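J.: here is the input, now give the coordinates:
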Amino acid sequence: MDKEHLLKLAGDITDQSPKNYIQAETNSDAAYLGMRLFERPVTGVAAADDEAFEALLAPAAIGPHFMRPEQWLPGARSVISFFLPLSDRVKDANKRDKDIPALEWLYGRIEGQMFINEVSAAIRDEIIKAGHHAVSPSIDERFDFNVNIPGKALPAYTSNWSERHVAYVCGLGTFGLNTCIITELGTAGRFFSVVTDMDLEPTARNYTGLYDYCIRCGVCLKKCPAGAFSKDGKSNRDCSVFMRGTSLFFKPRYGCGKCQVGVPCENTNPCVRAEKGTAS
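T.: This is a model prediction of the structure:
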């Protein structure tokens, strides 16, 4: 078994799973029935002992509460990160209104996360079936996060496993000014990861800085309806309060995603596009 086998499996599940398409039991509106949420993924791999994971323990990154791969799975050898881009229908719908999130996007966030959980469990189980060990941290019982709940051990707006930071370490892309990861397929999508004792060849990180794929155009910051960005960076509190406020209108769903659509990095790495334009 290799990375390509796991990538094909994830792609086939993405094409075939009913959970990746809106079903009648989740919405009675015929306009949304059968709507696809995600397209086939891309993947990257890092060695479990990559020093970049250790660097995530710094307070400026995640913090000492970040659990390293070896803590999730003793004997871990590799970490595999997957990025699933949202479908064009989901992304295009979220461009219609500059302040109100599209219902299509909220399906991608809530029902979409249910699908992400399914495919991450399937990849984990496929590795185990082949005689190896594997853990998918975000669906593991030890996974923890804090959305500013008083009394929790974790700092506010952090978790003990960050899919974005892990994707960066695994070579999938770098951060944008909106703190999302820019991959070769853009920034509008979701990540999941699996820690395993399989020996897999690491993906080359074609970058050295945190923002190498960001052209710093600032479009994403201007699109934020919460005004969560300033010269000091992003206010996680303002972002979170706005997103959860949308549940008043869309309960049980909530979300935003305005900073991920209608931007140069929505569907691609804009730096690669800029380089091609220069070359031509």
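J.: tell me the buried residues in stretch 217-232?
T.: For stretch 217-232, a neighbour-count test (16 or more other C-beta atoms under 10 Å) marks V219, C220, L221, K223, C224, P225, A226, A228, F229 as buried. Using the backbone N, CA and C atoms, a C-beta is placed for each residue, glycine as well.
J.: need the max-distance pair from these.
T.: Farthest-apart pair in the buried residues of stretch 217-232 is V219 and A226; separation 15.8 Å (C-beta to C-beta).
J.: show only the entries of the buried residues of stretch 217-232 found in strands.
T.: F229 (DSSP state E).
J.: out of the buried residues of stretch 217-232, the closest to Y207 would be?
T.: Nearest to Y207 among those, with distances taken as C-beta to C-beta, is C220, at 18.5 Å.
J.: residue contacts, the closest one?
T.: Residues in contact with C220 (C-beta atoms under 8 Å, 6 or more residues apart in numbering) are G176, L177, N178, C180, C259, Q260, V263, C265.
J.: swap the cut-off to 6 Å and go again
T.: Applying C-beta atoms under 6 Å, 6 or more residues apart in numbering, we find C220 in contact with L177, N178, C259, V263.
J.: any idea how far it is from C180?
T.: Distance from C220 to C180, counting by C-beta to C-beta, to the nearest Å: 8 Å.
J.: tell me which residues in the helix or strand hosting V90 are buried?
T.: Assigned by DSSP states H and E, V90 belongs to helix 88-93. The neighbour-count check on helix 88-93 (16+ other C-beta under 10 Å) flags V90, K91, D92, A93 as buried.
J.: could you do stretch 19-31 as well?
T.: Those would be K19, N20, Y21, I22, for stretch 19-31 by 16+ other C-beta under 10 Å.
J.: cool, stretch 38-53 as well?
T.: F38, E39, P41, V42, T43, G44, V45, A46, A47, A48, D50, F53.
J.: what's the following helix or strand after the helix holding V90?
T.: Next along from helix 88-93, by DSSP H and E: helix 103-129.
J.: what segments of the stretch 151-280 of the chain are helices?
T.: All helices of the stretch 151-280 of the chain, identified by DSSP state H, counting those that start in this stretch, fall at 163-169, 219-222, 236-245, 247-250, 270-279.
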